[in-house]
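> Task: produce atomic coordinates for the following.
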Amino acid sequence: MPDTVRARLLLDCRNILAEGIQWHAEQKKLYWTDIHGRALWSCNADGGEAEKVAFPKRIGSFAFTEQDTLLLAHEDGLAHFDPAAGKLTEILRTEPDLPSTRLNDGRCDRDGRFIYGGLDEESLRPLSAVYSYNGGKTANRLVADVGCTNSLCFSPGGEIMYFADSSGRKIFRYGYDRETGTLSGREVFAELDGTEGAPDGSCVDAEGAVWNAQFEGGCVQRFLANGTRDVRVQVPVSQVTLACFGGANLNRLYIATAREGFSAERERMQPTAGGIYVADLDGIRGLPEERFRGSLPL
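Numbering: from 1, shown residues only. Below is the predicted model of the structure:
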């Protein structure tokens, strides 16, 4: 595979802030959230059959349950959504004493816990945290003093958790105890330079490499398990937020983008920002997205 791969536009949906993108293998559909658009989107593998479901609150991230309902991390807490019934049920509030924070990145670990965290919307001050939820009405705090939670993902074996605070440029690696869901031994996994933007969302492939979306960097960078740079996927818009593997063979990289805070000039220069992009990868495959396996208090 060449050192650089160019992504192409899949769906010109022009979201404000597309995030949380993931592939549902059984449905053969792609799902993502437009955070500021207060909507959950979906389409098929080739960008057709696009659908949009409106929500009363901004959804930062989500996970499917084993019953094909959704666990949502919306702006001020966790909620459950049953798409068949169209029913939304609040579960718990997060950081109610911090009105400037909202929930952002999240995904399930290899054992089905939902790991999620928030950001400070005023100036990315270290006010928020990363949490672990396994059911019931409470969540456990894993990481404190967070400005903007991003890059939450897990090694194929589940023994490593990756995390980035997008107020800085470092992606961290933690030891992760699968039995207890606790962290140990934080170290710097990779650091972006001044030309690469900020580390946004990440996913992990079957070889254990981390694919990091670079916000204002216009690309998704693959980091090998030892932290060295490998393939880079160039995207023709600057605000790249998250990528996921999908398609029948999990060898397509689907990429979410944004146009948050764009001026009229930036919109003119990047008219398809906020769209979904795709790149076909040769010899690289992803991993299926984990489902939430905890017990919901419904």
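> after the top strand by length along the chain, next one along is what?
Longest strand of the chain, by residue count under DSSP state E: strand 182-191. Downstream of strand 182-191, the next assigned helix or strand under DSSP states H and E is strand 198-204.
> Name the strands paired with that following strand and say parallel or antiparallel.
Paired strands of strand 198-204, with direction, are strand 210-215 (antiparallel) (DSSP bridges).
> Alpha carbons only: can I get the partner strand in CSV?
These are the backbone C-alpha positions of strand 210-215, laid out as CSV (Å, rounded to 0.1, in the frame of the first residue of the first chain):
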residue,chain,number,x,y,z
VAL,A,210,-4.4,3.1,15.7
TRP,A,211,-6.1,5.3,13.1
ASN,A,212,-6.3,8.8,14.4
ALA,A,213,-8.4,11.5,12.8
GLN,A,214,-6.6,14.8,12.8
PHE,A,215,-8.9,17.8,13.4
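> the inter-axis angle of that strand versus strand 182-191?
60 degrees (axes from the mean of the first three to the mean of the last three CA atoms, to 10 degrees).
> Need the residues that contact whichever helix or strand comes after strand 210-215.
Per DSSP H and E, the first helix or strand lying C-terminal to strand 210-215 is strand 219-223. Contacts to strand 219-223, defined as CB atoms under 8 Å, 6 or more residues apart in numbering, come from residues 7, 171, 189-190, 196, 205, 209-214, 229-235, 240, 243, 253, 255. Yep, even glycine has a C-beta here, placed from its N, CA and C like the rest.
> Make a PyMOL selection of whichever of those turn out to be buried.
The buried residues among the contacts of strand 219-223 can be selected in PyMOL (16 or more other CB atoms under 10 Å) with this line:
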select buried, resi 7+171+189+190+196+205+209+210+211+212+213+214+231+232+233+235+240+243+253+255
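> Show me the shaky parts of the stretch 101-250 of the chain.
Applying pLDDT under 70 to the stretch 101-250 of the chain flags no residue at all.
> Show me where it has its strands.
Per DSSP state E, counting those that start in this stretch, the stretch 101-250 of the chain carries strands over the ranges 101-108, 114-120, 128-133, 140-146, 149-154, 160-165, 170-177, 182-191, 198-204, 210-215, 219-223, 229-234, 240-246.
> where's residue 268, which helix or strand?
Counting by DSSP H and E, residue 268 is part of helix 264-269.
> which strands and helices sit next to that helix?
For helix 264-269, there is no helix or strand it packs on, judged by 3 or more CB pairs under 8 Å, 6 or more residues apart in numbering; DSSP states H and E.
> What's the first helix or strand after that helix?
strand 276-280.
> Report the buried residues of stretch 105-117.
Residues 105, 106, 107, 108, 109, 110, 112, 113, 114, 115, 116, 117 are the ones in stretch 105-117 that count as buried (16+ other CB under 10 Å).
> out of the residues you listed, who's nearest residue 278?
Using CB to CB, residue 107 comes nearest to residue 278 of the buried residues of stretch 105-117, at 19.9 Å.
> hang on, isn't the closest one packed against residue 63?
Yes. With contacts counted by CB atoms under 8 Å, residue 107 reaches residue 63, the gap being 6.5 Å.
> Overlap in contacts, those two.
Contacts common to residue 107 and residue 63, judged by CB under 8 Å, 6+ apart, are 114, 289, 290.
> now those residues as JSON lines including distance to residue 91?
Listed next are the shared contacts of residue 107 and residue 63 as JSON lines, based on distance: CB to CB, whole Å:
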{"residue": "114", "distance to residue 91": "10"}
{"residue": "289", "distance to residue 91": "20"}
{"residue": "290", "distance to residue 91": "19"}
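> what's the span of stretch 279-286, first residue to last?
Counting by CA to CA, to the nearest Å, you get 13 Å between the two ends of stretch 279-286.
> so how far is that stretch from its chain's centroid?
Taking the mean of its C-alpha atoms, stretch 279-286 sits 19 Å from the chain's own mean (CA atoms, centre = their mean, to the nearest Å).
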